[in-house]
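1. Predicted model follows, preceded by the sequence.
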Amino acid sequence: MSLSFPFSAIVGQDEMKHAILVAAVDPGVGGVLVFGDRGTGKSTAVRALAALLPKMRAMANCPYGCDPEPGTPSCEQCAPLKAEGHTKSVLKTVPVVDLPLGATEDRVVGALDLERALSQGIKAFEPGLLARANRGFLYIDEVNLLEDHLVDLLIDVAASGENMVEREGLSVRHPARFVLVGSGNPEEGELRPQLLDRFGLAVDVTTPTDLKMRIEVVRRRDAYERSPEAFVETWRKEDEKIRRRIVAARKKLPDVEVPDHALTRAAQLCMALGTDGLRGELALMRASRALAAFEGHDAVNDSHLKRMAAPALRHRLRRNPLDDAGSGTRVARAVEEVFA
C-alpha cells in the first residue's frame with residue numbers, strides 16, 4: 001500500500017484545506033467539490049484526508065461498518081443485535097473510497113455474489129462501493145465526467161442515506177451515509193445542477209503564481225517521490241496535531257453557538273446574492289460552526305462567516321448575463337457590502 005502525501009505538507013491552497021477539514025469535523029456539511037487546473041493538488045489533498053482521520057468504532061463483522069451507538073442507522077444484520085444490546089464493536093479506519101468513472105452500477109450498489117451462488121447455491125449479496133463508503137468518504141475524480149445514470153443513483157442515495165438493491169431475487173437495504181468529495185477540471189465539462197446542489201462546499205484551486213511557493217511545491221513533491229517513508233515520517237507530528245484538533249473539534253461542535261447576529265449575516269448574504277432556497281444559509285451556518293469548533297471558539301463570528309462564504313455559496317449562484325465576474329468574485333463583493 002502506497003503512502004499518501006501528508007496533508008500538512010501541502011503548500012498553499014488554504015481554502016481547499018479548510019473545506020476538507022470542515023467536512024472532516026462535521027460530515028453534515030454535505031461534501032466538498034474541488035474544481036481547478038490540472039496538477040494543483042486536488043487529488044493529493046483528498047487522498048491525504050484518509051491518513052488524517054481518527055479511527056471510528058463499528059459493529060464487529062458488519063460489512064457496512066454500522067455505528068454501535070443506539071438510535072443510529074443499522075443494516076438488517078445489526079438492527080436486531082443492537083435491539084438486544086449485543087453491540088460488540090471494533091475500531092476501524094474511516095473509509096475513503098474511490099468511485100472510478102467507468103464503474104458499473106453493480107459495482108457501485110452491490111449485486112449477487114456469483115461465486116457463492118455457483119459453488120454453494122446460496123443467494124448472497126456482495127456489497128458495492130456505497131457499502132464500503134458508509135460513514136466515510138466517497139471520492140470521485142473528474143466528477144463532471146460521471147455518467148448520468150450514476151449521477152442519478154448518487155443523488156438518490158445521498159438524499160435518503162441508504163442503498164436499496166432489488167435484483168436477481170435479492171432484496172437488500174443498508175445504510176449508505178457518506179461525505180461526497182469530488183474533483184475535476186471545469187474545462188472538461190460542467191457538473192449537472194442536481195449533483196452540484198448536493199455538495200455543501202465548493203472550492204476553486206488555481207496554479208500558484210508566487211515564485212517561492214512554486215519552488216517549495218516542487219521541492220516537497222520531489223522529496224516525497226524520492227523517499228515516501230522518510231518524507232511522511234518528517235511530517236507525521238504535524239499531521240498528528242491536525243488529527244488531535246479534528247477529534248477535539250468533533251467533541252466541541254455540539255456546544256458551539258450560532259448567535260442571531262451570525263444567522264442574520266448569513267441570511268443577508270444569501271439574499272444579496274440571490275441564492276435559491278435556504279440550502280445556502282444552512283451550508284454557511286454549518287461550515288462556519290465546524291470551523292469555529294476546529295479553531296477552538298465557543299461561538300460563530302464574522303471571521304468564520306467571511307472565510308466560509310465563498311465555499312458555501314459560490315456554486316449556488318444564478319448565472320447573471322450582465323455580470324461576467326466569476327462566482328468567487330461576486331461572493332467577495334457581497335461579503336464586503338454585507339459586512340461593511
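-> Received it, and whenever you're ready, just let me know what you need.
2. Quick check: what element follows the helix or strand of the chain with the lowest mean pLDDT along the chain?
-> In the chain, the helix or strand scored least confidently by mean pLDDT, DSSP states H and E is helix 114-120, which has a mean of 63. Using DSSP states H and E, the helix or strand that follows helix 114-120 towards the C-terminus is strand 125-127.
3. quick one: Ala262 from Asp276, how far?
-> 22 Å (CB to CB, to the nearest Å). Any C-beta I mention is one placed from the backbone N, CA and C, and that applies to glycine too.
4. More neighbours: which of these two?
-> Ala262 (21 against 11; other CB atoms under 10 Å).
5. Now do the same contact list for the spatially closest residue to that one that is not a sequence neighbour.
-> Distances taken as CB to CB, 6 or more residues apart in numbering put Val300 closest to Ala262, at 4.5 Å, once the chain neighbours are dropped. Val300 makes contacts with 256-259, 262, 285, 288-289, 292, as judged by CB atoms under 8 Å, 6 or more residues apart in numbering.
6. Now render those residues as a markdown table, adding distance to Val203.
-> As requested, the contacts of Val300 are exported to a markdown table (distance: CB to CB, whole Å):
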| residue | distance to Val203 |
| --- | --- |
| Val256 | 22 |
| Glu257 | 26 |
| Val258 | 22 |
| Pro259 | 26 |
| Ala262 | 21 |
| Met285 | 18 |
| Ser288 | 15 |
| Arg289 | 18 |
| Ala292 | 19 |
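7. so can I have JSON lines of those showing secondary structure, pLDDT and distance to Pro95?
-> JSON lines is the format used below for the contacts of Val300 (DSSP: H, G, I helix; E, B strand; the rest coil; pLDDT from 0 to 100; distance: CB to CB, whole Å):
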{"residue": "Val256", "secondary structure": "coil", "pLDDT": "96", "distance to Pro95": "27"}
{"residue": "Glu257", "secondary structure": "strand", "pLDDT": "95", "distance to Pro95": "32"}
{"residue": "Val258", "secondary structure": "coil", "pLDDT": "94", "distance to Pro95": "30"}
{"residue": "Pro259", "secondary structure": "coil", "pLDDT": "95", "distance to Pro95": "36"}
{"residue": "Ala262", "secondary structure": "helix", "pLDDT": "93", "distance to Pro95": "33"}
{"residue": "Met285", "secondary structure": "helix", "pLDDT": "95", "distance to Pro95": "27"}
{"residue": "Ser288", "secondary structure": "helix", "pLDDT": "96", "distance to Pro95": "27"}
{"residue": "Arg289", "secondary structure": "helix", "pLDDT": "97", "distance to Pro95": "25"}
{"residue": "Ala292", "secondary structure": "helix", "pLDDT": "96", "distance to Pro95": "27"}
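8. Helices of the stretch 101-250 of the chain, start to end?
-> 105-109, 114-120, 129-133, 148-160, 193-196, 211-226, 228-234, 236-252 (DSSP state H, counting those that start in this stretch).
9. The fifth one packs against which elements?
-> The contact analysis (3 or more CB pairs under 8 Å, 6 or more residues apart in numbering; DSSP states H and E) places helix 193-196 against helix 148-160.
10. and the helix it packs on, what's its mean pLDDT?
-> The average pLDDT within helix 148-160 is 85.
11. One more: stretch 70-90?
-> 86.
12. What segments of this structure are strands?
-> 32-36, 56-59, 89-92, 96-98, 110-112, 125-127, 137-141, 162-167, 170-175, 179-184, 201-205 (DSSP state E).
13. mind putting these in a markdown table, mean neighbour count included?
-> Compiled in a markdown table, those are given as follows (neighbours: other CB atoms under 10 Å):
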| stretch | mean neighbour count |
| --- | --- |
| strand 32-36 | 25 |
| strand 56-59 | 18 |
| strand 89-92 | 14 |
| strand 96-98 | 19 |
| strand 110-112 | 20 |
| strand 125-127 | 19 |
| strand 137-141 | 23 |
| strand 162-167 | 16 |
| strand 170-175 | 17 |
| strand 179-184 | 25 |
| strand 201-205 | 23 |
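14. Ranked by average pLDDT, which of these falls at the bottom?
-> Of all the strands of the chain, mean pLDDT reaches its minimum on strand 110-112 (a mean of 77).
15. Give me the sheet partners of that strand and which way each runs.
-> strand 125-127 (antiparallel) (DSSP bridges).
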